[in-house]
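Visitor: Quick one, fold the following:
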Amino acid sequence: MTELPFDTVAGCLVPDALGRKVRLRGWLLRSRSSGGILFLRLRDRTGSIQVTGRRDALGDEAFDRAEHVQAEGTVAVEGTVAEDRRAPEGREVRAEAIRVVDAGLPFPVFADQTEEFRLDHRHLVIRSQDHAATFRLKAELLRAFREFLDREEVLETTPPILSGNAAEGGAEAFEIDYFGRRGFLSQTAQLYLEALLAPHERVYALTPSFRAEKSRTPRHLTEYLHLEVELAWCDLDGLLDFVERMIASAVHAVAERRPKELAQLGRPPEELLAIRTPFPRLTYASAIEKLASLGLPVTWGSDLGTAEERALTLEERQPLFVTHFPRELKAFYMRRSPTDPRTAEAADLLGPEGYGEIVGASCRETDLDSLVERIRAMGGNVADYEWYLDLRRHGNVPHAGFGIGVERVLRWMLRREHIRETTPFPRTPARLTP
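Guide: Predicted structure coming up:
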């Protein structure tokens with residue numbers, strides 16, 4: 001084969017590519033032979049295309065080697081782009097030479113295998129075209145979030161993952177032995193973002209968070225990607241306005257930039273483009289009344305779990321804010337509501353169509369005595385939080401923030417049945433490998 005630069009599949013599909021000589025390399029999706037003609041479906045990072053090779057053009061030896069390449073084997077092809085209306089893209093590459101890079105062994109993953117088998121072979125399953133589309137959409141979503149935050153002059157920061165504090169309670173924290181001392185995997189970067197707030201006013205971080213919840217639901221992971229934002233001089237109304245603008249902006253950007261992948265996964269892009277602000281808002285008290293009227297066994301003080309959030313949003317087509325939860329249901333750092341001391345200045349954003357919580361937001365408690373009281377109430381050691389309490393002693397300002405579960409947003413956007421389909425290697429109470 002001549003030493004030409006390598007082309008991409010996408011480059012073969014542009015209008016002026018017909019008749020062009022190209023050199024491709026990639027993985028084999030499938031193949032078949034018919035008489036003296038070989039039909040290969042070749043993919044690279046940009047897409048897939050049909051490659052045909054004639055025995056009389058390739059020669060017997062090269063034809064036979066190419067004929068025995070397994071699914072996911074790798075080849076390099078040199079040929080000419082030609083029109084073929086029978087091919088999925090209306091064109092193909094007619095090979096003049098095919099070099100087998102790695103014929104591969106028979107691929108062990110195919111349709112109708114058990115979910116457990118597929119999770120055991122996740123390292124191979126994620127090569128599927130649907131997974132490829134999912135993770136390109138996830139990358140686009142992260143890019144859109146960052147672009148919005150950059151426009152809003154919110155600074156990206158890098159807080160630690162290892163911590164000496166269980167920020168949201170020890171029962172759901174993964175405890176580790178940190179050189180003989182008690183440590184935790186981060187449940188949230190929020191406490192550190194509050195420390196970074198003073199010099200920068202607006203900060204965010206994109207980090208993994210870890211929750212030791214034994215929840216086996218379609219929306220829970222023990223490790224997930226957490227996008228957290230902290231804003232100085234911000235009240236609850238300003239915070240919810242920021243959240244809804246950010247979600248709408250990101251969702252629209254993904255729909256505009258990746259319509260092909262969305263359509264492939266069954267989500268019409270126009271449905272996401274129909275997301276509009278302001279999002280509807282419902283107080284926790286009103287939510288409880290609504291749920292009780294629907295026959296759910298809830299009273300004031302009941303937490304809103306998967307069933308309750310699904311009931312509230314199943315018929316909705318826009319995300320829904322639920323605001324002013326009972327303080328006992330929320331973390332120690334959330335501010336007491338000035339209009340009702342039973343509640344916190346907090347809100348959850350629920351994804352429509354029954355997908356439940358995708359954002360948790362609140363104003364932060366700035367009263368030192370109230371913080372100390374809440375730390376003790378959750379069973380924490382006040383001494384462990386002295387560094388955090390210092391933030392209230394030196395330059396205290398009103399502030400608020402929120403956390404987005406990236407995989408939960410993606411699950412709603414792509415209408416995935418289970419959240420594990422939104423991350424390459426899902427971590428759940430039952431799974432730590434591969």
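
Visitor: so Val93 makes contact with Gly53?
Guide: No. Using CB atoms under 8 Å, Val93 makes no contact with Gly53, being 9.3 Å away. The C-beta positions use only the backbone N, C-alpha and C, and glycine is treated the same way.

Visitor: Overlap in contacts, those two.
Guide: Gly79 (CB atoms under 8 Å, 6 or more residues apart in numbering).

Visitor: So between those two, which is more surrounded?
Guide: Neighbours around Val93 and Gly53, counted as other CB atoms under 10 Å, are more numerous at Val93. The numbers are 29 against 26.

Visitor: mind checking the SS state of that one?
Guide: strand (DSSP: H, G, I helix; E, B strand; the rest coil).

Visitor: got a list of what it touches?
Guide: 12, 22, 24, 42, 49-52, 77, 79-82.

Visitor: Give me the mean pLDDT for stretch 228-239.
Guide: Mean per-residue pLDDT for stretch 228-239: 98.

Visitor: Also stretch 183-192?
Guide: Stretch 183-192 comes out at a mean pLDDT of 95.

Visitor: do stretch 376-386 as well
Guide: pLDDT averaged over stretch 376-386 gives 90.

Visitor: in that stretch, what counts as buried?
Guide: 380, 385 (16 or more other CB atoms under 10 Å).

Visitor: now stretch 18-32
Guide: Buried-residue list, stretch 18-32, by 16+ other CB under 10 Å: 22-29, 31.

Visitor: Which of these sits closest to Ala212?
Guide: Set against Ala212, the nearest of these by CB to CB is Trp27 (37.9 Å).

Visitor: Wasn't that closest one part of a strand?
Guide: Yes. Assessed with three-state DSSP, Trp27 lies in a strand.

Visitor: can you pull up the bridge partners for it?
Guide: For Trp27, the beta-bridge partners are Arg43, Thr74 (DSSP bridges).

Visitor: Show the contacting residues for it.
Guide: Contacts of Trp27 by CB under 8 Å, 6+ apart are 42-44, 72-74, 127.

Visitor: measure it to Leu124 for me?
Guide: 12 Å (CB to CB, to the nearest Å).

Visitor: do the same with Ile404
Guide: In terms of CB to CB, Ile404 sits 30 Å off from Leu124.

Visitor: neighbour count winner among the two?
Guide: Ile404 (25 against 14).

Visitor: which element is that one on?
Guide: Ile404 belongs to strand 399-405 when elements are defined using DSSP states H and E.

Visitor: right, and Leu29 touches Gln50 too?
Guide: No. Leu29 lies out of contact with Gln50 (CB under 8 Å); the separation is 10.0 Å.

Visitor: Which residues are in contact with each of these two?
Guide: In contact with both Leu29 and Gln50: 41-42, using CB under 8 Å, 6+ apart.

Visitor: mind listing what the residue lying farthest from the centre of the chain touches?
Guide: Within the chain, Asp56 marks the point farthest from the mean C-alpha position, 48.8 Å out by CA atoms, centre = their mean. Residues near Asp56 by CB under 8 Å, 6+ apart: Gly36.

Visitor: hang on, it is in a strand, isn't it?
Guide: No. Under three-state DSSP, Asp56 sits outside any strand and is assigned helix.

Visitor: Can you read off the pLDDT for it?
Guide: Value for Asp56, per-residue pLDDT: 95.

Visitor: Now restrict the contacts of Trp27 to buried residues only.
Guide: Buried among those by 16+ other CB under 10 Å: 42-44, 72-74.

Visitor: elements contacting the helix or strand hosting Thr52?
Guide: Thr52 belongs to strand 47-54 when assigned by DSSP H and E. In terms of contacts (3 or more CB pairs under 8 Å, 6 or more residues apart in numbering; DSSP states H and E), strand 47-54 is packed against helix 9-12, strand 21-34, strand 37-44, strand 74-83, strand 91-102.

Visitor: coming back round to it: find the residues that touch each one of Trp27 and Leu124.
Guide: With CB under 8 Å, 6+ apart as the test, Trp27 and Leu124 both reach Glu72.

Visitor: thinking again about what came up before, closest to Phe117 among the contacts of Trp27?
Guide: Distances from Phe117 to these, taken by CB to CB, are shortest for Arg127, at 15.4 Å.

Visitor: Now that closest one: which helix or strand?
Guide: Residue-wise, Arg127 maps onto no helix or strand under DSSP H and E.

Visitor: Nearest residue to it in space, ignoring adjacent ones along the chain?
Guide: Once flanking residues are discounted, Arg127 sits nearest to Glu72: 6.6 Å by CB to CB, 6 or more residues apart in numbering.

Visitor: which residues touch that neighbour?
Guide: Glu72 neighbours (CB under 8 Å, 6+ apart): 27-28, 104, 107, 124, 127.
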